[in-house]
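Peer 1: any chance you can model this:
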Amino acid sequence: MAIVLVTLSLIATVFLVRNTPADVGLLPYGAVPGENEEAHSQDPTKLPGFVLRDALRSPWFWLLALAFVLIGMIVSVTQVLAILLKVYTGENISAFSLLLATWTFTLILWKPLLGIINDKIGVIWMMAITLGLMSLGFLYLPQMSTAASGFGAMAMALPLMAMVCMSAGVSNATVAPPLVLRQSVGARDYSKLLSLGLSFYYIGNALGAPLWGTIQSVTGNYNLGLYAAPIILAVIVVFALLAAKNGPKQWTNPAPTTTETP
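Peer 2: So this is what the prediction gives:
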């Protein structure tokens, strides 16, 4: 299994790493010396956006960091999702497998679809749609806290739709943060801020898993967290919107203004 994982990872890396002269500021292959001596890469210090120091002083960066913590906590519901499915399906292993497989498979399908949605209408609307779908899934999950009485069409149709909705939000959690962070902090020190920003997402994961367990231990089920999650998801979208809208106003290197020529 380890050999398969390493092999697949290396093959994928080949398509991600680019090594061309233009990547390091040299002339393209085939260029004639003297025709264009200007390097083809932009000076990174002049790129629009925050430097790390200024980003750490911006309240909008920390608001976005808080949003990443919250979404990490919400997504950690995946740690208890299998428990809910097991309670609902009981000894019906076929039904349990079908629900879990639907959730896993649609995770894969949502990834490219999120990219298309982002390109069409932007990252904030993409977050609003997918986290809205996840909210619908959360509102239905309490119905799965008790065993199903039989498995007719409706007994499986609604849980299957809930799995599709939940996978939309879980896919969003790994697609949207880098995009909304880039929109908020710019390109200047994006790589440094991305590493820092995603750390807050994993902090949320670490905090969320025991929190879900605590809710079950105290109340006897996960319903309190499941009903609270849609409210928190709405707050996440609002935080992301505020950071993406107001962060660029404080950039160390402002974005170039475009002027229309008559």
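Peer 1: please identify the helix or strand for the most centrally placed residue in the chain.
Peer 2: Centroid check for the chain by Cα atoms, centre = their mean gives Ala173 as the closest residue, at 2.4 Å. Element membership for Ala173 (DSSP states H and E) is helix 153-185.
Peer 1: after that helix comes which helix or strand?
Peer 2: Note on helix 153-185: by DSSP H and E, the next helix or strand toward the C-terminus is helix 190-219.
Peer 1: next, the angle helix 153-185 makes with that following helix.
Peer 2: Orientation of helix 190-219 against helix 153-185 (axes from the mean of the first three to the mean of the last three Cα atoms, to 10 degrees) gives an angle of 140 degrees.
Peer 1: and helix 190-219, average pLDDT?
Peer 2: Mean per-residue pLDDT for helix 190-219: 90.
Peer 1: quick one: buried residues of the helix or strand containing Thr102?
Peer 2: Using DSSP H and E, Thr102 sits within helix 93-121. If you call a residue buried by 16 or more other Cβ atoms under 10 Å, then helix 93-121 has these buried ones: 95-96, 98-100, 102-103, 106-107, 110, 114, 117-118. (Each C-beta comes from the backbone N, C-alpha and C, glycine too.)
Peer 1: how about stretch 64-73?
Peer 2: Taking 16+ other Cβ under 10 Å as the neighbour-count basis, stretch 64-73 is seen to contain the buried residues Leu64, Ala65, Leu66, Ala67, Phe68, Val69, Leu70, Ile71, Gly72, Met73.
Peer 1: what is the rounded mean pLDDT of the helix or strand following the helix holding Thr102?
Peer 2: Tracing the chain past helix 93-121, the next element assigned as helix or strand by DSSP H and E is helix 123-140. Mean pLDDT, taken over the full extent of helix 123-140, equals 93.
Peer 1: for the stretch 51-200 of the chain, which residues score under the pLDDT cut-off?
Peer 2: Using pLDDT under 70 as the threshold, the predicted model of the stretch 51-200 of the chain has low-confidence ranges 149-154.
Peer 1: can I get the buried residues of stretch 64-73 in JSON lines including secondary structure and distance to Trp251?
Peer 2: Listed next are these as JSON lines, based on DSSP: H, G, I helix; E, B strand; the rest coil; distance: Cβ to Cβ, whole Å:
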{"residue": "Leu64", "secondary structure": "helix", "distance to Trp251": "14"}
{"residue": "Ala65", "secondary structure": "helix", "distance to Trp251": "17"}
{"residue": "Leu66", "secondary structure": "helix", "distance to Trp251": "20"}
{"residue": "Ala67", "secondary structure": "helix", "distance to Trp251": "19"}
{"residue": "Phe68", "secondary structure": "helix", "distance to Trp251": "20"}
{"residue": "Val69", "secondary structure": "helix", "distance to Trp251": "23"}
{"residue": "Leu70", "secondary structure": "helix", "distance to Trp251": "25"}
{"residue": "Ile71", "secondary structure": "helix", "distance to Trp251": "24"}
{"residue": "Gly72", "secondary structure": "helix", "distance to Trp251": "26"}
{"residue": "Met73", "secondary structure": "helix", "distance to Trp251": "29"}
